[in-house]
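Student: Just the structure for this:
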Amino acid sequence: MAMTADDILAHAALESCVRGQAQALLAIHDASPRTSSPFATQQRWLMSQAMLAAYFRNEAQQTDSGILPARLVDPIVAHGLASRNTASAFVNEMLKYGIVRHVTGNEGRRYRPIEPSPMALAVLSHWLGAHLTALDRLDGGYRSVELRERPALLSAIQPLIADGLLASRAVREPNGTFSLFTWIDDGGVVMDRLIVGCQQDSIALSRIPTDVTSVSWLARGLNLSRSQLARKFATAETMGSLGWSGVRGKSALWVSAEFWREYHAAQAVKLAIIDAAFEACRPYCEGDQARGVAAT
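Tutor: Numbering: from 1, shown residues only. Here you go, the predicted structure:
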């Protein structure tokens, strides 16, 4: 049975599991920042999930056919994630940077179908694997092993994950300081870096120390400037969500217990959605395993 968000949030091992998940996500970003960029900003992340769901569902009906760009734009608009013009510009941007590509053999056609690049699918697989590993560490499961052994599971589970994310008000409309950061470019990466830097076993404190001493370091390699991030930090400071333990910019940063809980609550909601999608795909896994046994 899939765990609920409340189950996950109350789990004693949540802190260490989420820390490991954040470390894995940071490694994915650092290895391929451009390909990871659609997953690091709230609006772009949700648009990417909607587009991937449309692609995988189309592939289930017409294997290796790709999907027309207009059919990727439609679910974005239908879910109210962006205007049609913004969604179309996003698809074109992903084509420009090779995150999606035209399906070969359709040269000369006015409307050419597209598909995710191998690198984009690899990033998605690693992203899913990081979350399945966190779930496994919570309950001793083997979800991440099943994904490695059956890569095709990715195409079955992703549309269900997208459905859950897009249907969740907690995901679509986050609150507090989490919302402040999640809507800026690479804001998710900033929060992951902060959480990884938090002193372990300090959740009983009202101010949790981190190993971060520089806004410039946090902004390094991201799609936002130091000044942009500094402005967000200033707002977060006025909210009491973070601050400096001594001289600003020359001492360790702390994050409030409330901000820490907001981040972990958001992860719990996301993990519960992914777990429910995985559980719904178990018949697919079992059928795939049975076909393998029969074939031998």
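
Student: Show me the shaky parts of the stretch 1-150 of the chain.
Tutor: Under the criterion pLDDT under 70, the flagged ranges of the stretch 1-150 of the chain are 39-40, 106-108.

Student: any idea where the strands of it begin and end?
Tutor: For the stretch 1-150 of the chain, strands defined by DSSP state E, counting those that start in this stretch occupy the ranges 100-102, 114-116.

Student: Which elements pack onto the first one?
Tutor: Contacts of strand 100-102 with other secondary structure elements, assessed using 3 or more Cβ pairs under 8 Å, 6 or more residues apart in numbering; DSSP states H and E, are made with helix 84-96, strand 114-116. To be clear about C-beta, it is placed using only N, CA and C from the backbone, and glycine gets the same treatment.

Student: Within its sheet, name the partner strands of that strand and how each one runs.
Tutor: Using DSSP bridges, the strands paired with strand 100-102 are strand 114-116 (antiparallel).

Student: which parts of the partner strand are buried?
Tutor: Buried residues in strand 114-116, defined by neighbour count with 16 or more other Cβ atoms under 10 Å: 114-116.

Student: and the nearest residue to residue 84 once chain neighbours are set aside, how many neighbours?
Tutor: With Cβ to Cβ, 6 or more residues apart in numbering as the criterion, residue 84 has its nearest non-adjacent residue at 5.2 Å, and that residue is residue 77. The tally of other residues near residue 77 (other Cβ atoms under 10 Å) stands at 16.

Student: May I see the helices and strands packed on strand 100-102 arranged in a markdown table, with distance to residue 254 as well?
Tutor: Compiled in a markdown table, the helices and strands packed on strand 100-102 are given as follows (distance: least, Cβ to Cβ, whole Å):
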| stretch | distance to residue 254 |
| --- | --- |
| helix 84-96 | 36 |
| strand 114-116 | 40 |
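
Student: Please identify the most buried of those.
Tutor: strand 114-116 (a mean of 21; mean count of other Cβ atoms under 10 Å).

Student: For residue 26, which of the strands of the stretch 1-150 of the chain is the nearest?
Tutor: Nearest to residue 26, of all the strands of the stretch 1-150 of the chain, is strand 114-116, at 22.0 Å by Cβ to Cβ.

Student: Just to be sure, residue 255 is in a strand?
Tutor: Yes: under DSSP: H, G, I helix; E, B strand; the rest coil, residue 255 sits within a strand.

Student: Domain-wise, how is this protein divided?
Tutor: 5-173+264-295, 176-262 (automatic domain parsing).

Student: Now do the contacts for the closest residue in space to residue 42 that isn't next to it in sequence.
Tutor: Distances taken as Cβ to Cβ, 6+ apart put residue 182 closest to residue 42, at 4.4 Å, once the chain neighbours are dropped. Contacts for residue 182 (Cβ atoms under 8 Å, 6 or more residues apart in numbering) come out as 41-42, 174, 188, 191.

Student: Show me which of those is closest to residue 24.
Tutor: residue 188 (13.2 Å).

Student: That closest one: neighbour count?
Tutor: Residues contacting residue 188 under the criterion other Cβ under 10 Å number 23.

Student: do residue 235 as well
Tutor: 12.

Student: what's the answer for residue 180, then?
Tutor: By other Cβ under 10 Å, 20 other residues sit near residue 180.

Student: try residue 18
Tutor: 24.

Student: ditto for residue 183
Tutor: Applying other Cβ under 10 Å, I find that residue 183 has 14 neighbouring residues.

Student: likewise residue 191?
Tutor: 23.

Student: Check the one 10 residues further on too.
Tutor: Residues near residue 201, counting by other Cβ under 10 Å, number 10.
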